[in-house]
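**Student:** Structure, please.
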Amino acid sequence: MPASPTRTKKALQELARVFNKLALELTADLNAAINEIDSLKREVQRLKSASGKTNKTSIVQKNSASSKTSRPHSTKGTQKSSPTSHHESGHTTKSTDETGSFVFPHEPFNPSPPPEPTPPGND
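**Tutor:** Okay, here's the model as predicted:
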């Protein structure tokens, strides 16, 4: 027995709503990741300039090398502010509540254009 056109239309509308909500969340997550990357770049520049002024250069280099290998990479959940902007450790802690529940906005999906990618060799 084929589904009624009304049920099919309602199902498609519901799928469209869910898709738009997920797309909005993904866009927010990507924007948060971009902001986090920019914040970390600024912090690296600040630390590099500060290390040139002090005699702790070898300690800063050791700390930055160890933080590169131990920092977890996660893009789940949205962030209100950059967790590393107020301290220098570079380590983030993510609550389990943040990755387990999502609040979906009710606006239609209207993504902003992505920023131009930077070449991978410019660190």
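**Student:** only C-alpha atoms for contact and neighbour calcs from this point on.
**Tutor:** OK.
**Student:** Show me what the lengthiest helix in the chain is packed up against.
**Tutor:** Longest helix in the chain by number of residues (criterion: DSSP state H): helix 5-53. Where contact means 3 or more Cα pairs under 8 Å, 6 or more residues apart in numbering; DSSP states H and E, helix 5-53 is packed against helix 57-70.
**Student:** quick one: average pLDDT of the helix it packs on?
**Tutor:** Helix 57-70 carries an average pLDDT of 54.
**Student:** ok, now stretch 21-30?
**Tutor:** Average pLDDT, stretch 21-30: 97.
**Student:** likewise stretch 33-43?
**Tutor:** 97.
**Student:** For that stretch, buried residues please.
**Tutor:** Applying a neighbour-count criterion of 16 or more other Cα atoms under 10 Å, one finds 33, 36, 39-40, 43 buried in stretch 33-43.
**Student:** Of these, just say which sits nearest to T27.
**Tutor:** Distance to T27 across those (Cα to Cα) is lowest for A33, with 9.8 Å.
**Student:** Check the gap between the closest one and V44 for me.
**Tutor:** From A33 across to V44, the span is 16 Å (Cα to Cα, to the nearest Å).
**Student:** Over to L12?
**Tutor:** L12 is 47 Å from V44, where distance means Cα to Cα.
**Student:** Tell me which of these two has more neighbours.
**Tutor:** Between L12 and V44, V44 has the larger neighbour count (other Cα atoms under 10 Å), namely 16 against 12.
**Student:** Using PDB, list the CA coordinates for stretch 36-50.
**Tutor:** Taking Å, rounded to 0.1, in the frame of the first residue of the first chain, the C-alpha atoms of stretch 36-50 are listed here in PDB:
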ATOM      1  CA  GLU A  36      39.600  28.500  18.300                       C
ATOM      2  CA  ILE A  37      42.300  28.100  15.700                       C
ATOM      3  CA  ASP A  38      42.600  31.900  15.300                       C
ATOM      4  CA  SER A  39      42.900  32.200  19.100                       C
ATOM      5  CA  LEU A  40      45.600  29.600  19.200                       C
ATOM      6  CA  LYS A  41      47.500  31.200  16.400                       C
ATOM      7  CA  ARG A  42      47.400  34.500  18.300                       C
ATOM      8  CA  GLU A  43      48.600  32.800  21.500                       C
ATOM      9  CA  VAL A  44      51.400  31.100  19.600                       C
ATOM     10  CA  GLN A  45      52.500  34.400  18.200                       C
ATOM     11  CA  ARG A  46      52.300  36.000  21.600                       C
ATOM     12  CA  LEU A  47      54.400  33.200  23.200                       C
ATOM     13  CA  LYS A  48      56.900  33.400  20.400                       C
ATOM     14  CA  SER A  49      57.400  37.100  20.900                       C
ATOM     15  CA  ALA A  50      57.500  36.700  24.700                       C
END
